[in-house]
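J.: pasted the sequence and its predicted model underneath.
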Amino acid sequence: SQTIHQWPATLVQPVGSPLSLECTVEGTSNPNLYWYRQAAGRGLQLLFYSVGIGQISSEVPQNLSASRPQDRQFILSSKKLLLSDSGFYLCAWSPLTLHTDTQYFGPGTRLTVL
Amino acid sequence: DAKTTQPPSMDCAEGRAANLPCNHSTISGNEYVYWYRQIHSQGPQYIIHGLKNNETNEMASLIITEDRKSSTLILPHATLRDTAVYYCIVRAYTGNQFYFGTGTSLTVIP
């Protein structure tokens, strides 16, 4: 069966510090991968998605970047964190099929920028 | 993707069926109805999805009206662990983003 991992689970970082969040998927090949952010009490906002190694699409301009160095690895980064980067970051994957692309979410990383 | 409307909150007694409604009057012919839930501080969990036929799996049943303008998610025997925010999402089967609105906060009462 497929599983998705995210780490760390929680993170507290000072403003201006760098960020690296990692997401890995097991049990599948060539998945679509997604990074979302959920602000407190609000819906999910898609940040990046990737359909393959080295292929990244950004949905909104922001202080963050994403990379996909391996088929089942997706990394979210920042060179200098802002207070507004605080939130719950979720990685998701979906299989490549013709009929459905249900997305399956990881456990999330709660980031607090102080 | 079509917009959905859900009640902000609902209560259900433990062991009873929980029926969560969703209106999607502007749904298009190629759009599916998806249901997810999110337990506090966890990632959203996929529950079920359907196009026009009713669907059932080990977690829930999805009833879609004949005109497809509304649907109901049914949890047949609610437990305390079903307390969560439930999201109804309508989208075409290919697309990049799942638009999660505010959902319905379901509280299962002992």
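T.: Arrived safely. Model, not experiment: these values are computed from the prediction.
J.: any idea where the strands of chain B begin and end?
T.: If DSSP state E is used as the criterion, the strands of chain B fall at B:9-13, B:18-23, B:31-38, B:45-50, B:55-56, B:61-64, B:70-75, B:84-92, B:104-109.
J.: contact partners for A:Trp93?
T.: With contact set as Cβ atoms under 8 Å, 6 or more residues apart in numbering or on different chains, A:Trp93 has these partners: A:Gln2, A:Ile4, A:Val25, A:Thr28, A:Pro31, A:Asn32, A:Leu33, A:Tyr34, A:Gln103, A:Tyr104. Yep, even glycine has a C-beta here, placed from its N, CA and C like the rest.
J.: next one: it relative to A:Ser17, how far apart?
T.: According to Cβ to Cβ, to the nearest Å, A:Trp93 stands 28 Å off from A:Ser17.
J.: and A:Ala39, by the same measure?
T.: To A:Ser17, A:Ala39 is 20 Å away according to Cβ to Cβ.
J.: likewise A:Asp101?
T.: 35 Å.
J.: what strand or helix carries the residue most central in space within chain A?
T.: Closest to where the C-alpha atoms of chain A average out (Cα atoms, centre = their mean) is A:Trp35, at 2.9 Å. Element membership for A:Trp35, per DSSP states H and E: strand A:32-38.
J.: and the following helix or strand past that strand, average pLDDT?
T.: In the C-terminal direction, the helix or strand that comes right after strand A:32-38 (DSSP H and E) is strand A:44-52. Across strand A:44-52, pLDDT averages out at 89.
J.: and strand A:44-52, which strands flank it?
T.: Strand partners for strand A:44-52, identified by DSSP bridges, are recorded as strand A:32-38 (antiparallel), strand A:55-58 (antiparallel).
J.: can you add mean pLDDT and distance to A:Leu64 and give these back as CSV?
T.: Conversion of these to CSV gives the following (pLDDT from 0 to 100; distance: least, Cβ to Cβ, whole Å):
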stretch, mean pLDDT, distance to A:Leu64
strand A:32-38, 92, 8
strand A:55-58, 90, 9
